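Novice: just the structure for this:
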Amino acid sequence: MLKNITLSAETNLIGKARKKAQREHTTLNAQFRQWLSRYVSTDLKASDYETLMNSLSYANPGQQFTRDEMNER
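Specialist: Residues are numbered from 1 along each chain as shown. This next block holds a predicted model:
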């Protein structure tokens, strides 16, 4: 279900954005929905990363390695 919201921006900026969306064969509404989806998902990615790192916290090499030791093959 879509819900309407009201945003404020300068008239000339809205006009430029509408023209750009038209050149991209889309609408300003569609672009905003895509932006909103990306905006929300960035928090999820950061949260997923933190969860992964916490789940790997048990891994401990038991010592400090030198730069040369870390680059050995």
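Novice: residue closest to the middle of the protein?
Specialist: By C-alpha atoms, centre = their mean, the chain has its centre lying nearest to T42, at 3.3 Å.
Novice: quick one: which helix or strand includes that residue?
Specialist: In this structure, T42 sits in helix 28-55 according to DSSP states H and E.
Novice: so how far is that helix off the chain centroid?
Specialist: Mean-position distance between helix 28-55 and its chain equals 5 Å (C-alpha atoms, centre = their mean, to the nearest Å).
Novice: and that helix, what does it pack onto?
Specialist: Applying 3 or more C-beta pairs under 8 Å, 6 or more residues apart in numbering; DSSP states H and E, we find helix 28-55 packed against helix 11-23. For glycine as for every other residue, the C-beta is placed from the backbone atoms N, C-alpha and C.
Novice: what is the mean pLDDT for the helix it packs on?
Specialist: Confidence for helix 11-23, expressed as mean pLDDT, is 96.
Novice: tell me how far Q63 lies from M70.
Specialist: 12 Å (C-beta to C-beta, to the nearest Å).
Novice: higher neighbour count, these two?
Specialist: M70 (9 against 6; other C-beta atoms under 10 Å).
Novice: quick one: neighbours of Y39, just the number.
Specialist: 9.
Novice: how far off helix 11-23 does the helix holding T42 point, in degrees?
Specialist: Relative orientation of helix 28-55 versus helix 11-23 (axes from the mean of the first three to the mean of the last three C-alpha atoms, to 10 degrees): 90 degrees.
Novice: tell me which residues in helix 28-55 are buried?
Specialist: Neighbour counts over helix 28-55 (16 or more other C-beta atoms under 10 Å) mark no residue as buried.
Novice: and after that helix, which helix or strand comes next?
Specialist: Note on helix 28-55: by DSSP H and E, the next helix or strand toward the C-terminus is helix 67-71.
Novice: give the buried residues for that following helix.
Specialist: In helix 67-71, counting by 16+ other C-beta under 10 Å, buried: nothing.
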